[in-house]
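1. Structure of the sequence below:
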Amino acid sequence: MAPPAQTDPGIGHDGPARFLHWLTVLLILAMYALGLAARNWPMATGAEFAVKATLFSAHKTLGMMVLAVGLLRILRAVLRPGPPPLASHPPLLRWIAGMVHWALYVALVAVPATGWLHHATSTGFAPIWGPFPQTLPLLPRDPALSALFGAMHRAAVVVLAGLALAHAGGALLHHWRDRDPTLMRMITGRVPPAPTAPRPPLAARALPALAIWAAAFAIAALMPRGTPVAELAVGSGRGDWVVEEGELAITVTQLGQPVTGRFARWSAEIAFDPRPVAGRNGEVRVEIDVSSLTLGMVTDEVLGPMFLDAARHPVALFAATLRPGPEGGYLADGALTLHGVTAPVRLPFTLELEGGRARMAGRVTLDRRDFRIGETFVDEATVGFPVEVAVRLTARRRDRATDEP
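-> All right, here's what the predicted structure looks like:
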């Protein structure tokens, strides 16, 4: 037997609840608007890039405010629930409404939290303003993690939009069709007295809401996120040394912050002898798959026509003579062809030789203007001119009997 209906004395949601509700609405609308504007804002010039970064920073910072408000609303929902549901609503409708409310509460945490995780595991650009950390403990800046959290964030945004539309549509339907005080409870807080019914148990509302979010995140995690970038392609050909492993990284400055990216596909053909002949230790030829670069959140832009233009210039080539360098090191003295432009480059490097194995590390700073990269980005405060290139590798001396030429 259903419990008897109570009578609502005409008091709706209290002042703090109404304030937090409408503050949430404004923050979500502003967050969506800023996100859409930032995503679609052009960045053909340095000035446009600065505006785009500002829009993204504002979007992220508002998200952190939504996270704080969401946690506060969950606490209030547990400790100080709102008025009971109206008796005129069928039991199934009361349960659905309660579940949607809790799914929305979870959304206020899930959307900004996944956005924060996506930001923390990516490099560049558009920092979160204020005291919020840009990185999180135990979470490295990793392209695979960033892609996962990015997919989860996009899924959360879609689910939040659907829940918000269902919630707002239901409130308007009650107001215009049913003529009940559901909407006015949240607008004025005072409504005509009306019979009420007990609300469903908290677990019956919250657990299905959590199940909705678990399913959404599971689907997002299982969805394909593009073809993973291949690992290092080791050198082959006429070289005396076989590259076993290594890393080719670049660091640029965006809005005053260093951003590091890596090329995943490159090969090195090395001829080297520690005993120089006529001031030469050998030669090196490095081919780099430009499209294999990952540079955090701006990878697509960097590979596009404004910067590296990987579609037109898919390969970068560094060919150099190896010579003795200062302080017992070595020097790769040659030329780099990048973005259709060839310019001289002198790369100092250190070398540790142990039997038939060598470990090399080098670093050089280039000027992107020498290669006509990002010519419309003339303000160094937006995108810096220097680009630091760091390379390290481990190689073994080629065994002519077993290694392919």
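
2. can you count the residues close to residue 62?
-> Counted with other CB atoms under 10 Å, the burial measure for residue 62 works out to 22 neighbours. For glycine as for every other residue, the C-beta is placed from the backbone atoms N, C-alpha and C.

3. so which strand or helix has it?
-> When elements are assigned from DSSP states H and E, residue 62 belongs to helix 46-79.

4. now residue 267: how far from residue 284?
-> When CB to CB, to the nearest Å is applied, the distance between residue 267 and residue 284 equals 11 Å.

5. can you check residue 99 too?
-> As it turns out, when the distance is counted by CB to CB, residue 99 lies 64 Å from residue 284.

6. One more: residue 210?
-> As defined by CB to CB, residue 210 lies at a distance of 56 Å from residue 284.

7. go on, residue 394?
-> 15 Å.

8. which of these two has more neighbours?
-> Residue environment comparison for residue 394 versus residue 284 gives the larger neighbour count to residue 284, 23 against 15, counting by other CB under 10 Å.

9. Can you check the pLDDT for the residue most central in space within the chain?
-> By CA atoms, centre = their mean, the chain has its centre lying nearest to residue 118, at 3.9 Å. pLDDT recorded at residue 118 is 94.

10. 25 is where my numbering starts, stick with that
-> Okay, using 25 as the starting number, the last item reads as residue 142.

11. That one sits in which helix or strand?
-> Using DSSP H and E, residue 142 falls in helix 115-144.

12. Leaving out the residues flanking it, which one is nearest to residue 38?
-> Nearest-residue entry for residue 38: residue 213, 6.6 Å, with adjacent residues in sequence omitted and distances by CB to CB, 6 or more residues apart in numbering.

13. Test my guess that the one you found contacts residue 40.
-> No: using CB atoms under 8 Å, residue 213 makes no contact with residue 40, being 10.5 Å away.

14. Taking helix 70-103 as reference, get the angle to the helix holding residue 142.
-> Orientation note: helix 115-144 sits at an angle of 140 degrees relative to helix 70-103 (axes from the mean of the first three to the mean of the last three CA atoms, to 10 degrees).

15. mind checking how far helix 115-144 is from the chain centre?
-> Mean C-alpha position of helix 115-144 versus that of the full chain (CA atoms, centre = their mean, to the nearest Å) differs by 21 Å.

16. what does stretch 91-108 give?
-> Taking CA atoms, centre = their mean, one finds the center of stretch 91-108 at 29 Å from the center of the full chain.

17. Show me what that stretch is in contact with.
-> Around stretch 91-108, the neighbours that count as contacts under CB atoms under 8 Å, 6 or more residues apart in numbering are 30, 32, 35-37, 40-41, 44, 47-48, 51, 125-126, 129, 131-133, 136-137, 140, 209, 220-223, 226.

18. Could you name the helices and strands sitting against the strand or helix carrying residue 367?
-> In this structure, residue 367 sits in strand 365-378 according to DSSP H and E. Contact analysis of strand 365-378 by 3 or more CB pairs under 8 Å, 6 or more residues apart in numbering; DSSP states H and E lists strand 339-348, strand 354-362, strand 381-391, strand 410-421 as its packing neighbours.

19. Using JSON lines, please lay out these together with mean pLDDT and distance to residue 154.
-> Putting the helices and strands packed on strand 365-378 into JSON lines (pLDDT from 0 to 100; distance: least, CB to CB, whole Å) gives the following:
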{"stretch": "strand 339-348", "mean pLDDT": "96", "distance to residue 154": "39"}
{"stretch": "strand 354-362", "mean pLDDT": "96", "distance to residue 154": "38"}
{"stretch": "strand 381-391", "mean pLDDT": "95", "distance to residue 154": "32"}
{"stretch": "strand 410-421", "mean pLDDT": "94", "distance to residue 154": "29"}
